[in-house]
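Visitor: A predicted structure for the sequence below; I have some questions about it.
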Amino acid sequence: MTDPSSHPGLGAPRGPAFLAGRAPAFPGPPAPSAEAPAAAHAAPPPAPPSGRTPRPFVATLLAAVLAGGAAGYAAGALGDADPASAPAAALRAGDLEAVAARVLPSVVSVETTRGQGSGFVFDERGRMLTNAHVVEGSSEVTVELQDGRRLRAEVIGDDPQYDVAVLEPETARGLDAAELATGGRPAVGDTVLAIGSPLGLSGTVTSGIVSALDRPVRLGDGGQRRAVQTDASINPGNSGGPLVDAEGRVIGINTAIATLDQERGGSIGIGFAIPVGDAVDAARTIIDGG
């Protein structure tokens, strides 16, 4: 892991772990205040002790969407959005429901001895894409389909520089590949859905937009890579799941989030996905043995 001291104020980029088989512990609701409604923002932190100079608060940037203690992470500088991209019209709820129904059968939960993440079927042989940090250290994993079937899958290789791994399940029977948006480029403002298993909650769908393109983000063991930024809610366990457009085509693999809380993490509306073209190129190299 990169020495956090080389990025003043960022701290060690990391997020909360979710261990497969362990029920997630959700904090209880805050007690209502007489001075403000329960839904109001949390009170500011207490003032520092007298005689000490308060230190400026800086957000911990880019915690990985970790899968049960996996070491993958991302960190990087935020660039400008693509000025040539035009916003797209918002879709109705019924349209999004149809998109989700089309994509969900291709999405899987990925379970390892270390934790849990997400993935999706990407070719006619039933092979699946996920993040390298989800399956790190594993030669075989268990995948759970939307219909409840559980299959063994071999990790046939990974590319830590792009944080991509390829899985081959024991059978391709009943597996449908998701459609990939490899022939085009999303635009800022396009409606997107993030699909996966945050905190082990399989088949979870969240919606948002493309917030920016070509964000320089440091992934895993590699240098800076371009990423799609989205405000669709992404949380621990979403790693490796698809980010899809309004046509149900995969535009990226959900990989990392920014967080204000280094210890607990969680979505604050800034998530990052590996562009699907980069992910597929890495996958083909893995499959070809390169």
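Guide: Yes, it's here.
Visitor: by mean pLDDT, point me to the weakest helix or strand of this protein.
Guide: Confidence across the helices and strands of the chain bottoms out at strand 74-75, with a mean of 38, counting by mean pLDDT, DSSP states H and E.
Visitor: what helices or strands is whatever helix or strand comes next after that strand leaning on?
Guide: Later in the chain than strand 74-75, the nearest helix or strand by DSSP states H and E is helix 93-103. Packed against helix 93-103 by the contact rule (3 or more CB pairs under 8 Å, 6 or more residues apart in numbering; DSSP states H and E) you find strand 191-196, strand 242-244. Just so you know, the C-beta spots here come from the backbone N, C-alpha and C atoms, and that holds for glycine as well.
Visitor: just send those back as JSON lines, with distance to residue 157, mean pLDDT and mean neighbour count too.
Guide: Below are these laid out as JSON lines (distance: least, CB to CB, whole Å; pLDDT from 0 to 100; neighbours: other CB atoms under 10 Å):
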{"stretch": "strand 191-196", "distance to residue 157": "22", "mean pLDDT": "96", "mean neighbour count": "26"}
{"stretch": "strand 242-244", "distance to residue 157": "20", "mean pLDDT": "97", "mean neighbour count": "30"}
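Visitor: now these in JSON lines, with distance to residue 98?
Guide: Shown next, in JSON lines, are the helices and strands packed on helix 93-103 (distance: least, CB to CB, whole Å):
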{"stretch": "strand 191-196", "distance to residue 98": "11"}
{"stretch": "strand 242-244", "distance to residue 98": "12"}
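Visitor: nearest to residue 123, out of the ones you listed?
Guide: strand 242-244 (13.7 Å; CB to CB).
Visitor: where do the helices sit along this structure?
Guide: Here the chain has its helices, by DSSP state H, at 93-103, 132-135, 276-287.
Visitor: with mean pLDDT as added columns, please give the ones you listed in a markdown table.
Guide: Shown next, in a markdown table, are the helices of the chain (pLDDT from 0 to 100):
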| stretch | mean pLDDT |
| --- | --- |
| helix 93-103 | 85 |
| helix 132-135 | 94 |
| helix 276-287 | 95 |
